Every structure is written in C-alpha cells, then in structure tokens.
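[1] Only the shape, not the letters, is given here:
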C-alpha cells in the first residue's frame, strides 16, 4: 500500500501525474457541488433545516461515509477501477485518463451553472470509457463484465428508488391516521433530517469510492501497475478525496438544493422522510453489491415517487423532464468528449 510520502515522491518525478491528479480532484470538487448537494435538498425544501446547516451536515456525512465504507467494503471502487483498460503504455494511459477527467469537469460545471443535478457518476463512467476506447482502438479497452453493472445499477436506482418512495409515502398516512397532525409533522421533520444525513453518508460511500478509485488508477498507471497490485486504498487518499468533495459541497451546493428541493416537487415532511429512507436503502444495497449507481438518480427518483404518491400533479414534471434529458445525454455526451479529447491529447502530447 502506497504511503503519502511515496506518493509525493512519484509526483516529483512525473509532472504529468500532477496534472492528472489535479483534474481528478476537480471532478471530485464538482461532484461535491452537484451530487452531494442533491442528496440533502429536500429537507431544505420542507424547511426542516436551513441551507447552511444542511450543507454542513452534508460535508460531515460525506466525509464519514467515504472513510467508513472504505473500511467495510471497496466493492464500488473495485468495479470502477476494473471497468476499463488503458493498455500497457503508461504515458498514453495517463493522457487518456486526463482527457476523460477534463470532459467530466466541463460537463459537470455546465450542469452546475444551470442548476441541473446531473450525474457525475455517469459522467465519470462515460468519460473513462471514451478515453479507453480511444487508446485501445476498440472494445478491448472495456471490461463488459464490469460495465454491465452500470446498467444494473441504473435500473435499480430508478425503479427501487421511485417505488420505495411511493410505497412508504402511501403507508405512513395510514399508519399515522390517528396521530395528532402537528406532533406527527414535527416528528417527521426531525426524521427527515436524519434521513437526509443517511443519504449524505451513502453518497460519500458511493460517489466518493468511484472518484477515489480514479485517483488510485492514475497513481497505479504512473507506476505501471494495476489498482489491485497497489495493495488497497490507503487512509490518506480517502481523507484527501473526502475533503475535496466537502469543499465542493460548501462552495457550490445552494444552486442544486434550490432546483431539487424547491422547484422540482413540493413535499410534506413525511414524504421527504420517505424519499430519504428509500434512497438510503437503495444506495446501501448498491454499494455493498458493487453496483456503481448515481446518487442523484436514486434520490431524485425517490423524491418523485414520494411526491407522486400523494398527487402526481405536485411534481413539476417539466423540471423532472429536464433532469432526465440531462441524464440521457450524459453517457453519449461525456463518452464522446472523453474519446475526442483523448485522441486530441494523444496527438498533442
């Protein structure tokens, strides 16, 4: 397992690795500003917690989620690092990885500028795939056995998130029909905040691991090794990635929170709790089974399910359609950007 001192030594002898690591940290920062903010949006929308407190909670929970889950299981990180093969040429591999990360950052910043919570997870997967295809010249650069897990995760995050949010939002009013409305409302307000904290924890565990594996992949490529040959993920890289993600959330989270928590759907507090519990459970299942799912996708599906359970008209389907369109465009968009930039960078560098 590489130590931080050894990592600094590798950086000092490989300037291009410095560039790649900065780009990877950029993708983590953008992920914090978009996906992490989306994870805690709905309790702000129901006024169960103010924006600044929600962002602070997200920062702490994302950090803890990444570090804690990495000690329990690195299944998601292993899936991402084994998904593509950049070949045996270290320099070309790093160039392709750099191209992929440039595309991811550009895509994420564009979505953030418009307040659209696009999936940085899908952008990462598409960008890496495009870069690998450019270097390998064909499908040999893609491990389809690992890549198919993305499809499984896409279905899981959409179907399970929506259905669980819908079902729980139907059950709660029946279970609480004799409860005092004000007391129940206050209770679910507090529980909604706890539920959002759970989503933030799982966001750190899911998305944090994806981007941590990308950073580790860059280091391994510079040493002409595979991630598996590196001996695991050291604590310092967990802390580094979690800290950068936290800074991204603190800097850019408010715009995404407004879009998801205040514009897409108006939820009662019990519905917000249902959405958070649904998303947390879905993300936990996916993380432990190594499925790289989108936290944004899962949480937004759960929110729409919870809103639709009470009244389909309460969901702003125009905003939802805008988000879905962005997700649909992410795979081909980031894949093409990663491919084209990798080809261009290979010529230039």
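    Structure's in. What do you need? Treat the numbers as computed from the prediction; the structure is a model and nothing was measured.

[2] Would you mind listing where the stretch 101-250 of the chain has pLDDT under the threshold?
    112, 115-118 (pLDDT under 70).

[3] For it, which segments are assigned as helices?
    With DSSP state H, counting those that start in this stretch as the criterion, the stretch 101-250 of the chain has helices at 120-136, 144-175, 181-222, 235-258.

[4] count of neighbours near residue 329?
    14 (other CB atoms under 10 Å). In short, each C-beta sits where N, CA and C put it, glycine included.

[5] What separation do you get for it and residue 107?
    9 Å (CB to CB, to the nearest Å).

[6] ok, now which ones touch residue 169?
    270-271, 274-275, 305-307, 309-310 (CB atoms under 8 Å, 6 or more residues apart in numbering).

[7] Nearest residue to the middle of this structure?
    residue 207 (3.7 Å; CA atoms, centre = their mean).

[8] Flag every buried residue along stretch 43-60.
    Residues of stretch 43-60 classed as buried by neighbour count (16 or more other CB atoms under 10 Å): 43-46, 48-49, 51, 54-59.

[9] Let me have these in JSON lines, extended by secondary structure.
    Shown next, in JSON lines, are the buried residues of stretch 43-60 (DSSP: H, G, I helix; E, B strand; the rest coil):
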{"residue": "43", "secondary structure": "helix"}
{"residue": "44", "secondary structure": "helix"}
{"residue": "45", "secondary structure": "helix"}
{"residue": "46", "secondary structure": "coil"}
{"residue": "48", "secondary structure": "coil"}
{"residue": "49", "secondary structure": "coil"}
{"residue": "51", "secondary structure": "helix"}
{"residue": "54", "secondary structure": "helix"}
{"residue": "55", "secondary structure": "helix"}
{"residue": "56", "secondary structure": "helix"}
{"residue": "57", "secondary structure": "helix"}
{"residue": "58", "secondary structure": "helix"}
{"residue": "59", "secondary structure": "helix"}
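
[10] Go through those and name the one nearest residue 338.
    Taking CB to CB as the measure, residue 58 is the one of these closest to residue 338, at 28.2 Å.

[11] hang on, the earlier thing: so what sits against both of residue 329 and residue 107?
    In contact with both residue 329 and residue 107: no residue, using CB under 8 Å, 6+ apart.

[12] mind listing what residue 342 touches?
    Each residue near residue 342 by CB under 8 Å, 6+ apart is listed here: 95-96, 99-100, 130-131, 134-135.

[13] circling back: quick check, nearest of the contacts of residue 169 to residue 243?
    residue 275 (27.9 Å).

[14] For residue 291, report the pLDDT, please.
    pLDDT recorded at residue 291 is 89.

[15] For it, grab the count of nearby residues.
    Neighbours around residue 291, by other CB under 10 Å: 23.

[16] Any figure for the gap between the nearest residue to it once chain neighbours are set aside and residue 161?
    Nearest non-adjacent residue to residue 291, counting by CB to CB, 6 or more residues apart in numbering: residue 153, 3.8 Å away. Per CB to CB, residue 153 is found 11 Å from residue 161.

[17] ok now stretch 185-194, how far from the chain's centre?
    Computed by CA atoms, centre = their mean, to the nearest Å, the chain-centroid distance of stretch 185-194 equals 25 Å.

[18] Contacts for it, please.
    Here stretch 185-194 has contacts from 42-43, 46, 48-49, 57, 172, 268-270, 272-273, 276, using CB under 8 Å, 6+ apart.

[19] Return the member of the residues you listed nearest to residue 343.
    When these are compared against residue 343 (criterion: CB to CB), the nearest one is residue 42, at 41.5 Å.

[20] how many other residues sit next to the closest one?
    36.

[21] Is it in contact with residue 267, as I believe?
    Yes: between residue 42 and residue 267 there is a contact under CB atoms under 8 Å: 5.8 Å.

[22] Next, show the common contact partners of the two.
    With CB under 8 Å, 6+ apart, residue 42 and residue 267 have common neighbours 275, 303.

[23] Is residue 272 in a helix, a strand, or coil?
    helix.

[24] how about it, what does it touch?
    Counting by CB under 8 Å, 6+ apart, residue 272 has contacts 42-43, 45-46, 48, 188, 192, 195-196, 306.

[25] could I get those residues as CSV with distance to residue 4?
    As requested, the contacts of residue 272 are exported to CSV (distance: CB to CB, whole Å):
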residue, distance to residue 4
42, 38
43, 36
45, 40
46, 42
48, 40
188, 44
192, 39
195, 36
196, 33
306, 43
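
[26] Mind giving me the packing neighbours of the helix or strand containing residue 296?
    Using DSSP states H and E, residue 296 sits in helix 295-310. With contacts defined as 3 or more CB pairs under 8 Å, 6 or more residues apart in numbering; DSSP states H and E, the packing partners of helix 295-310 are helix 37-39, helix 120-136, helix 144-175, helix 181-222, helix 269-288, helix 317-348.

[27] a markdown table for these, including distance to residue 251?
    Below are those laid out as a markdown table (distance: least, CB to CB, whole Å):
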| stretch | distance to residue 251 |
| --- | --- |
| helix 37-39 | 10 |
| helix 120-136 | 15 |
| helix 144-175 | 26 |
| helix 181-222 | 16 |
| helix 269-288 | 23 |
| helix 317-348 | 21 |
